[in-house]
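In: I would like the atomic coordinates for the input below:
(2 chains)
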2 protein chains.
Amino acid sequence: MSEKDLLITDKTKLVRTPERASFDRKSAYEIIDDTPMCHVSYLINGEPYITPTLQWRFGDDFYWHGSSASRFLRSIVDNPVAINVMILDGLVLARSGMHHSANYRSVTLFGKARKIDEEEKEIQLERFVDNLLPGRWNSLRKINNQEVKATTVFTIPIDEASVKIRTGGPQDDDEDYQLPIWAGVIPIKQVTGSPIPDERNLPGVAIPNHVNDYKFR
Amino acid sequence: MSEKDLLITDKTKLVRTPERASFDRKSAYEIIDDTPMCHVSYLINGEPYITPTLQWRFGDDFYWHGSSASRFLRSIVDNPVAINVMILDGLVLARSGMHHSANYRSVTLFGKARKIDEEEKEIQLERFVDNLLPGRWNSLRKINNQEVKATTVFTIPIDEASVKIRTGGPQDDDEDYQLPIWAGVIPIKQVTGSPIPDERNLPGVAIPNHVNDYKFR
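Out: Take a look at the predicted model:
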């Protein structure tokens, strides 16, 4: 892991609520590693688009992938993107409508989307699967050249980025604390259920540890 | 609810996996109503930005809000935005790396962000709180003019939009079904925990029903 903090730029500096902001690389990595999804913001013909997609991190770089035929991926080659990874942790209920809020952990990244070269693609896809489910890649039918070709992998360095975190209870106006109104937090988290085996699994094929062990941190 | 389907345009048509797409208004509304968060993609100086924020729906319109001082909200007045609301339902584990996927329900909306007029703002903020927690608004300290002024509310009509849903198990290549590899789905859902009362709640203030009843559908 790079020892450098994330970069404060015109894009990443937090204009409001700077007390929720940080440029701490470790916090950013924890959030990215804690949930598999991200949202990518990008342009087509100068207009904003948005696509949710699976993501992964390796070292100081951020990755996502998709079909080489996708309009989304064809549009972003060497173009600027903004990416957000967010975990909703709760609803914050205050004594006034004004101070209702959400608890969350969020990372926003900026960068030019770089397409991973053909030779490097397979190793990145392996990292994607094994990041999510350690050891799964080697248990699978080997990926073939046609499949590698049909998949595009993108990356941006994790540098121009910021972390925004809100935790704890409501922050009401001083005089509102005397009101008999219930205030507090409704905690929210993502959880996994019991794995559902595919009905076409061969008899005797047991659920592997990497499936049983999967959980959100 | 409008009887019209969502609009198929160059922006909303699904180029790939059209079998996952729909332009069904009812499905879109169910997804929007099932989770409180969205991601907004927008431009500043021609470059893409992204912000996660709380959202709500009233009738055929989509709403979000924030501080009037926010750079995000000042940038989008009468400008095009793309918004995504997404619920992750599971990880789909196939017999090949290629066919790994996610189950999800997602709505993408396009439109020009219209700022709600001063007079209409308070009623929209009431709808926001009561959509989330029916009846809460009237239990709160009344919002004052300064707070209404400090808040900006935006809307787009739910018209140019598309729904994308993936459900079910993996879709492997025919010959891969003979392999002794565990395939299936790890279900994922958002759940709420027990409400955490603010430590400064007055003695005897009970948890209201709108808090106990809150859950993801």
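In: most residues in a single strand of chain A, which one?
Out: Scanning chain A for the strand with the most residues, using DSSP state E, yields strand A:80-93.
In: Which strands and helices lie in contact with the longest helix seen in chain A?
Out: Taking DSSP state H as the criterion, chain A has its longest helix at helix A:118-132. If contacts are counted by 3 or more Cβ pairs under 8 Å, 6 or more residues apart in numbering or on different chains; DSSP states H and E, helix A:118-132 sits against strand A:47-58, strand A:61-67, helix A:145-150, strand A:151-157. For glycine as for every other residue, the C-beta is placed from the backbone atoms N, C-alpha and C.
In: Please work out which residues outside the second one touch it.
Out: Outside strand A:61-67, the residues within contact range by Cβ atoms under 8 Å, 6 or more residues apart in numbering or on different chains are A:32, A:38, A:40, A:53-57, A:72-73, A:83, A:109, A:111, A:116, A:124-125, A:127-128, A:150-158, B:16.
In: If any of those are buried, put those into a PyMOL selection.
Out: A single PyMOL command selects the buried members of these (16 or more other Cβ atoms under 10 Å in any protein chain shown):
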select buried, chain A and resi 32+38+40+53+54+55+56+57+72+73+83+109+111+116+124+125+127+128+151+152+153+154+155+156+157+158
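In: Give me the below-cutoff pLDDT ranges for chain A.
Out: Applying pLDDT under 70 to chain A flags residues A:216-217.
In: which residue lies farthest from the center of it?
Out: In chain A, counting by Cα atoms, centre = their mean, A:Q178 sits farthest out from the average C-alpha position, at 40.0 Å.
In: Tell me if I'm right that that one and B:N201 touch.
Out: No: counting by Cβ atoms under 8 Å, A:Q178 stays clear of B:N201, with 11.2 Å between them.
In: ok, A:D213 - contacts?
Out: Here A:D213 is in contact with A:P134 (Cβ under 8 Å, 6+ apart).
In: In contact with A:S101, which residues?
Out: With contact taken as Cβ under 8 Å, 6+ apart, A:S101 is in contact with A:V92, A:A94, A:R166, A:P170.
In: Who is the first one paired with across the strands?
Out: The one in question is A:V92. When assigned by DSSP bridges, A:V92 has beta-bridge partners A:S101, A:V185.
In: Could you check how far it is from A:E119?
Out: To A:E119, A:V92 is 48 Å away according to Cβ to Cβ, to the nearest Å.
In: The two - which one has more neighbours?
Out: A:V92 (23 against 8; other Cβ atoms under 10 Å in any protein chain shown).
In: Next, work out how far apart the more buried one and B:L54 are.
Out: For A:V92, the distance to B:L54 equals 10 Å [Cβ to Cβ].
In: Can you check which residues contact both of the two?
Out: Common contacts of A:V92 and B:L54 (Cβ under 8 Å, 6+ apart): A:A102.
In: Next up, the contacts around A:R166.
Out: Counting by Cβ under 8 Å, 6+ apart, A:R166 touches A:R20, A:V92, A:S101, A:A102, A:N103, A:Y104.
In: Quickly find the element holding the fifth one.
Out: Element membership of A:N103 [criterion: DSSP states H and E] is strand A:101-112.
In: After that strand, which helix or strand is next?
Out: strand A:114-115.
In: same for that following strand, what does it pack against?
Out: Strand A:114-115 sits against strand A:151-157, with contacts defined as 3+ Cβ pairs under 8 Å, 6+ apart.
In: In its sheet, which strands sit next to the strand it packs on, and in what direction?
Out: strand A:61-67 (antiparallel), strand A:114-115 (antiparallel).
In: circling back to that earlier point, just the C-alphas of the longest strand of chain A, formatted as CSV.
Out: Extracted C-alpha coordinates of strand A:80-93, given in CSV (Å, rounded to 0.1, in the frame of the first residue of the first chain):
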residue,chain,number,x,y,z
PRO,A,80,-12.5,10.7,-17.2
VAL,A,81,-14.8,8.9,-14.9
ALA,A,82,-16.0,9.4,-11.4
ILE,A,83,-16.7,6.3,-9.3
ASN,A,84,-18.5,6.0,-5.9
VAL,A,85,-18.4,3.0,-3.6
MET,A,86,-20.9,3.4,-0.8
ILE,A,87,-22.1,1.4,2.2
LEU,A,88,-25.3,2.6,3.9
ASP,A,89,-25.1,2.0,7.7
GLY,A,90,-28.2,3.5,9.0
LEU,A,91,-31.0,6.1,9.0
VAL,A,92,-30.5,9.0,11.4
LEU,A,93,-33.7,10.3,12.9
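In: just checking, what packs against that strand?
Out: The contact analysis (3+ Cβ pairs under 8 Å, 6+ apart) places strand A:80-93 against helix A:25-34, strand A:37-44, strand A:101-112, strand A:184-192, strand B:37-44, strand B:47-58.
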